[in-house]
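Colleague: pasting the structure only:
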Ligand code: ADP
Ligand code: ZN
C-alpha cells in the first residue's frame with residue numbers, strides 16, 4: 001500500500017494530541033457557549049424555553065444527553081432565519097447543502113466562524129499529509145456547496161497553490177493537472193474513477209501527471225473503491241467526511257495511517273446513537289452519528305442527527321492524535337433500501353462489484369416493482385478489456401456478480417452488463433440508486 005510512515009504532520013500538535021481531560025474541558029465550555037447562543041435564536045428559544053435549558057443547567061458533559069436532538073426537518077422549519085444567533089449584519093457568508101434528500105438547508109457564518117472553518121480545514125489537510133508545496137486542484141463545485149469554497153479557504157490558509165477549477169469538464173481537468181503539476185486533488189470518489197478512465201482514453205497514462213494524493217468525500221464509498229482508485233491512479237486516497245450543516249468538509253479526515261477518520265473533538269462533540277431507541281450504542285458499535293458544532297457563533301446546531309451511519313474506532317491511533325476516529329460511513333439511515341422486506345445498503349453491493357476483476361468505473365442500482373414484488377437490478381459497466389471478451393466470459397462474469405451479491409444481501413438481483421462509459425456520470429455526488437417503485 002504505502003511505504004513506512006516516518007513523519008506524522010500536525011498543524012496544531014498540542015491541541016491534536018491533547019489529553020482526554022483537556023478535550024472534555026474544552027467541550028464542556030464550548031457546549032455551554034453554544035447553549036447560550038442557541039437561546040438567542042427563535043428556534044431553540046421555543047424548543048429549550050419550556051424545558052428550562054440554560055447554560056447553567058449544563059454542569060458536566062453528560063448533561064448533553066438531556067438536550068433534545070435537532071433534525072434536518074428542524075432546519076427546514078427554521079428556514080430562512082430561525083436559527084440565526086447574531087444580527088444579520090454580522091453574517092459574512094451563507095452556504096447551503098446540495099439537497100440530495102430534499103430542499104436545501106442553509107448555514108450562516110460570521111468572519112470569525114469562517115476563519116475557524118478555514119483553520120479546521122487546514123488542520124485536516126495537514127493531517128492528510130498536504131503541505132504548502134502542494135498544488136491542489138479543487139474539483140468540487142464552487143458556489144453554495146461547502147466542498148468548493150470551504151476547502152479552498154483551508155488550502156489557502158495552509159499555503160497550498162489552489163486551482164479553483166470547480167467540477168466538470170474532464171478534458172480541461174486533465175490538462176490543468178498536467179500543465180500545473182497538480183499534486184493533490186479534491187473530488188468525489190466516483191469522479192476519481194471517471195478521471196482515470198478519461199486519462200486512459202486520452203492515451204496518456206498516469207506517468208504524465210504528478211498527482212500523489214486525493215482528498216475524497218461527499219459521498220459514501222467502500223474500502224474496495226478506495227483501493228481501486230489508489231491502484232489505478234497510483235496515489236493515496238484520504239477519506240474526508242463533512243456536511244454543510246457542520247461547515248463543510250473539515251470535521252473529520254484520515255491521518256497518514258488511513259485507518260478511520262479523526263473527528264476534531266475540540267470543535268465538534270460526536271455521539272453515536274441507536275436511531276430507533278435514540279440511546280447511545282455501546283462503544284465500537286454502529287449507529288447514527290450525532291454532532292454538536294462548537295466552532296460557530298452565527299448558527300448553533302446542538303445534537304444534530306446526521307443520519308449517517310458509523311462507529312467509533314476505540315483503539316488509539318498510531319499517529320498520537322487523541323481525537324477519536326470514526327469508521328468509513330456505511331451510508332445514511334435514509335439510504336437503506338427495503339427490498340421485499342430485506343434491508344439492503346447500496347454500499348454492500350458496491351463492495352461486491354469492486355472486488356471483482358473486470359468491473360469498470362460506474363454502476364447503478366435500480367429498484368422496481370414486478371407485480372407485488374420488488375425487483376432489484378444492478379447495472380454495471382465493465383472495463384473495455386472485459387467488454388472485448390467473448391459472450392461466454394461476459395455471461396460468466398454476470399453470473400458471478402449475481403451469485404456474490406445474492407450471497408451477501410440474500411436477494412438475487414438481475415445483473416445488466418454495460419459498455420464502459422454508457423452510464424451517466426455525475427458532476428457532484430454520484431447517483432447510485434434509482435428507486436422506481438411507486439410511492440406507497
Ligand atoms: P446533502 O447531501 O445532505 O444535501 P451535503 O452536500 O452537505 O448535504 O452532504 C453531506 C452528506 O454527504 C453527509 O451527511 C454524508 O451523508 C455524505 N458524505 C460526505 N462525506 C462523506 C464521506 N467521506 N463518506 C460518506 N459519506 C459522506
Ligand atoms: Zn491518526
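Modeller: Perfect, I can see it now. Keep in mind that what you see is a predicted model, and the values were worked out from it rather than measured. Ligands and ions are numbered 1, 2, ... in the order given.
Colleague: Return the residues in contact with the residue lying closest to residue 40 once chain neighbours are set aside.
Modeller: Leaving aside its sequence neighbours, residue 40 sits nearest to residue 85 (CB to CB, 6 or more residues apart in numbering; 4.4 Å). The way it works is simple: take the backbone N, C-alpha and C, and place the C-beta from them, glycine included. Contact analysis of residue 85 by CB atoms under 8 Å, 6 or more residues apart in numbering lists 37, 38, 40, 41, 297, 298, 299, 300.
Colleague: buried residues in the lowest-mean-pLDDT helix or strand in the chain?
Modeller: With mean pLDDT, DSSP states H and E as the measure, the helix or strand of the chain carrying the lowest mean pLDDT is strand 342-344 (a mean of 83). Of the residues in strand 342-344, those buried by neighbour count under the rule 16 or more other CB atoms under 10 Å are residue 344.
Colleague: Show residues contacting it.
Modeller: 336, 337, 338, 376, 409, 410, 411.
Colleague: partners of it in the sheet?
Modeller: Paired neighbours of strand 342-344 in the sheet (DSSP bridges): strand 337-339 (antiparallel).
Colleague: now the partner strand, how far from the centre of its chain.
Modeller: The chain centroid and the centroid of strand 337-339 are separated by 23 Å under CA atoms, centre = their mean, to the nearest Å.
Colleague: looking only at pLDDT, what's the mean for that strand?
Modeller: When pLDDT is averaged along strand 337-339, the result is 86.
Colleague: With stretch 373-389 instead?
Modeller: pLDDT averaged over stretch 373-389 equals 93, rounded to a whole number.
Colleague: end-to-end on it?
Modeller: Terminal residues of stretch 373-389 lie 34 Å apart, using CA to CA, to the nearest Å.
Colleague: Same check on stretch 247-260?
Modeller: 20 Å.
Colleague: Could you measure from the nearest residue in space to residue 248 that is not next to it in sequence over to residue 418?
Modeller: Leaving aside its chain neighbours, residue 248 sits nearest to residue 146 (2.8 Å; criterion: CB to CB, 6+ apart). If you measure residue 146 against residue 418 using CB to CB, to the nearest Å, the figure is 33 Å.
Colleague: Which one of the two is surrounded by more residues?
Modeller: residue 146 (28 against 16; other CB atoms under 10 Å).
Colleague: okay but that one is in contact with residue 245, surely?
Modeller: No - contact between residue 146 and residue 245 fails when scored by CB atoms under 8 Å: they sit 9.3 Å apart.
Colleague: Kindly give a single ChimeraX line that selects the buried subset of the contacts of strand 342-344.
Modeller: Command for ChimeraX, covering only those of the contacts of strand 342-344 found buried under the criterion 16+ other CB under 10 Å:
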select :337,376,409,411
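Colleague: Show me the contacts of strand 342-344 that map onto helices.
Modeller: Among the contacts of strand 342-344, the members found in helices (DSSP state H) are residue 409.
Colleague: helix, strand or coil for residue 215?
Modeller: Secondary structure assignment for residue 215 (DSSP: H, G, I helix; E, B strand; the rest coil): strand.
Colleague: excluding its backbone neighbours, what's nearest it?
Modeller: Beyond its immediate neighbours in the sequence, the residue positioned closest to residue 215 (CB to CB, 6+ apart) is residue 186, lying 4.5 Å away.
Colleague: ok, the one you found to residue 32 distance?
Modeller: Residue 186 is 35 Å from residue 32, where distance means CB to CB.
Colleague: before we move on, what about residue 224?
Modeller: Counting by CB to CB, the gap from residue 224 to residue 32 is 43 Å.
Colleague: Just confirm residue 186 is within a helix.
Modeller: No - with three-state DSSP as the criterion, residue 186 is located in strand rather than a helix.
Colleague: Might you report the residue contacts of residue 262?
Modeller: For residue 262, the residues meeting the contact criterion (CB under 8 Å, 6+ apart) are 16, 127, 252, 253, 254, 255, 317, 321, 323, 324, 325.
Colleague: Tell me the secondary structure at it.
Modeller: Going by three-state DSSP: residue 262 is strand.
Colleague: try residue 366
Modeller: Counting by three-state DSSP, the three-state call for residue 366 is strand.
Colleague: For it, which non-adjacent residue is closest in space?
Modeller: Sequence neighbours aside, residue 377 is the residue nearest to residue 366 in space, at 4.4 Å (criterion: CB to CB, 6+ apart).
Colleague: same thing with residue 320?
Modeller: If you skip the residues right next to it in sequence, residue 320 has residue 17 as its closest partner in space, 5.3 Å away by CB to CB, 6+ apart.
Colleague: now swap in residue 234 and tell me
Modeller: With sequence-adjacent residues excluded and distances taken as CB to CB, 6+ apart, residue 234 is closest to residue 206, at 5.3 Å.
Colleague: neighbours around that neighbour, how many?
Modeller: Burial of residue 206, expressed as a neighbour count using other CB under 10 Å, amounts to 14.
Colleague: Next, the contact list for it, please.
Modeller: Contacts for residue 206 were tallied using CB under 8 Å, 6+ apart; they are 196, 199, 232, 233, 234.
Colleague: which residues of this structure fall in helices?
Modeller: Chain-ordered helices for the chain, with DSSP H as the definition, fall at 13-16, 20-38, 42-48, 72-77, 111-127, 146-158, 170-179, 189-201, 223-233, 346-354, 384-387, 391-409.
Colleague: Out of those, which is closest to residue 313?
Modeller: Across the helices of the chain, the minimum distance to residue 313, taken as CB to CB, is reached by helix 223-233, at 13.4 Å.
Colleague: can you list the weak-confidence ranges in the stretch 301-440 of the chain?
Modeller: 440 (pLDDT under 70).
Colleague: Please apply the same query to the stretch 1-150 of the chain.
Modeller: Counting by pLDDT under 70, the stretch 1-150 of the chain contains low-confidence ranges at 1-3, 98-103.
Colleague: can we see that at 50?
Modeller: 1 (pLDDT under 50).
Colleague: Quick check: the residue of it nearest ligand 2.
Modeller: Checking the stretch 1-150 of the chain residue by residue against ligand 2 with CB to the ion singles out residue 127 as nearest, at 7.2 Å.
Colleague: How about that residue, nearest residue that isn't a chain neighbour?
Modeller: If the residues on either side of it in the chain are set aside, residue 127 comes closest to residue 255, at 4.7 Å by CB to CB, 6+ apart.
Colleague: near ligand 1, which residues of the stretch 201-350 of the chain?
Modeller: Counting by CB under 6 Å from any ligand atom, the residues of the stretch 201-350 of the chain close to ligand 1 are 217-220, 239-244, 306, 308, 329, 332.
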